[in-house]
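Chemist: Sharing a model that was predicted from the sequence below.
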Amino acid sequence: MCQFYGVGEELVREYARLVARIGINVQPGQEIIVNCSVEHYEFARLLIEELYRAGAGEVIMRWADSWGTRQYFLHVSDEVLSNVPAWNVEFYHYYSGRGAGFVSIGGSDPESMKGIDPMKMHLHSAAMDKALTEYYKRMVASEIPWTVAAVPQKAWARKIFPELAESEAMNRLWKMILKAVRVLGDGPDGEQALDAVGEWEAHNRFLKEKCRMLNDYAFEKLHYQNSLGTDFTVGLVKNHVWEGGDEVAGTGVVFEANMPTEEIFTMPDRRVAEGTLVSALPLSHRGNLIKNFRLTFHEGKVVDYSAEEGVEALRSILEGDEGSLHLGEVALVPYHSPISQMKTLFYNTLFDENASCHFALGECYPTTIAGGARMSEEELAQAGGNASMNHVDFMVGTADLIITGIRENGEEVVLFRDGDWA
């Protein structure tokens, strides 16, 4: 079996080229940091080559290993978990301060952290969040370009397709990912390579038009209803901004934060949320699957919750910090988006969130309010923005979802009907 499990190397190289030129949009002489699992070294080599071909000044690799990370959490002390070495802090602050681009190549075993004490992961996350505050602020404010993409991994493919042989599962997952990122398409004569750059340019135009429409409406609230039991109203901050598709970094560079992406999103008012949200898809979080869960909000805060499976994992999210009980993102994705039509649970938020309308508990994106990138933490909080060490997306979109926008004057506009744009 070839290195990419029956998928032609040229298609995979085109994907690497897309990440380099559209995802991170490397600039001449720019430093690029790539975070990647050792299991993805073959794709990483193609990506490194394409980054240099696109003009990168230096590509710095940060290798990881999910098996090794599991051993870390199983064996190290709380003291080690809560310590972030100064050299690691300096690395991220140094390169982000120089305008470097950050690429993360995901795709790991969804169960790699299964059985790990959630409080150990929380302790480590809290320490990282505190130590790398400067770096994280630059990222969420889009001061620097960054992108997240994914490639198949054996345990991940087996999880999605347990009935298939490993090689066939990997082949299937490779093709689904390439279709999701618009490198591969279904034509009259079967699967065929697409003009990926042209496809992304057209897709970005579609997303920008939806953003323009919603920004013109300037809704005060959104009301969600479906047959699962969702009946929920969320407030939007005043002067909120809908975003989607490519973004512009503080350096003026256009980049794609997520590949794939089907969403447009904005900032909810953390103080205004009433009613119940019912999950439409399971949430895979740190090796745990949370199924059929419900969140009830009052005055912007989760006041009750339940889950048929994974309630302890859900509790660990909500108890992360005060901001984890409030919303930081509201995102719209049509039910008939390309990823949704694959009818596959990916056990990976990068893909699952692009198959369904969703919300996120935790940190907001400052760029989704006018002037937010220049606001202090206090100013952002006064405007209704949420601060948290967490940002956890969960899916609520269904085939019968109705979303109604409510304007400040009380006018109501149906945005989604039967799960899609009305």
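Modeler: Good, I have the coordinates. What you see is a predicted model; the values in this text were computed from it and never measured. Residues are numbered from 1 along each chain as shown.
Chemist: so where does residue 394 fall, helix or strand?
Modeler: When elements are assigned from DSSP states H and E, residue 394 belongs to strand 391-395.
Chemist: what helices or strands is that strand leaning on?
Modeler: strand 283-285, strand 327-332, strand 358-362 (3 or more C-beta pairs under 8 Å, 6 or more residues apart in numbering; DSSP states H and E). (Each C-beta comes from the backbone N, C-alpha and C, glycine too.)
Chemist: and if we set it to 10 Å?
Modeler: strand 283-285, strand 288-298, helix 311-318, strand 327-332, helix 349-352, strand 358-362 (3 or more C-beta pairs under 10 Å, 6 or more residues apart in numbering; DSSP states H and E).
Chemist: so which of these comes closest to residue 106?
Modeler: helix 349-352 (6.1 Å; C-beta to C-beta).
Chemist: who's in contact with the closest one?
Modeler: Around helix 349-352, the neighbours that count as contacts under C-beta atoms under 10 Å, 6 or more residues apart in numbering are 104, 106-107, 148-150, 160, 176-177, 180, 258-262, 280-285, 339-340, 342, 344-346, 358, 360, 391-395.
Chemist: where exactly do the strands run in the stretch 101-250 of the chain?
Modeler: 101-106, 146-150, 184-187, 190-193, 221-225, 231-236, 243-244, 247-248 (DSSP state E, counting those that start in this stretch).
Chemist: what's the longest helix in this structure?
Modeler: Under DSSP state H, the helix in the chain containing the largest number of residues is helix 196-217.
Chemist: List the buried residues for it?
Modeler: Judged by neighbour count using 16 or more other C-beta atoms under 10 Å, the buried positions of helix 196-217 are 196, 200, 203-204, 207-208, 210-211, 214-215.
Chemist: ok, now which ones touch the closest residue to residue 214 other than its chain neighbours?
Modeler: Beyond its immediate neighbours in the sequence, the residue positioned closest to residue 214 (C-beta to C-beta, 6 or more residues apart in numbering) is residue 242, lying 4.4 Å away. Applying C-beta under 10 Å, 6+ apart to residue 242 gives the contacts 207-208, 210-219, 236, 264-267, 330-332, 368.
Chemist: one step back: report the angle between the strand holding residue 394 and strand 288-298.
Modeler: 90 degrees (axes from the mean of the first three to the mean of the last three C-alpha atoms, to 10 degrees).
Chemist: Pairing partners for strand 391-395, with directions?
Modeler: Using DSSP bridges, the neighbouring strands of strand 391-395 in the sheet come out as strand 358-362 (antiparallel).
Chemist: Quick check: next helix or strand after the partner strand?
Modeler: As the chain continues past strand 358-362, the following element, by DSSP H and E, is helix 377-383.
Chemist: helices or strands up against that following helix?
Modeler: In terms of contacts (3+ C-beta pairs under 10 Å, 6+ apart), helix 377-383 is packed against strand 268-278.
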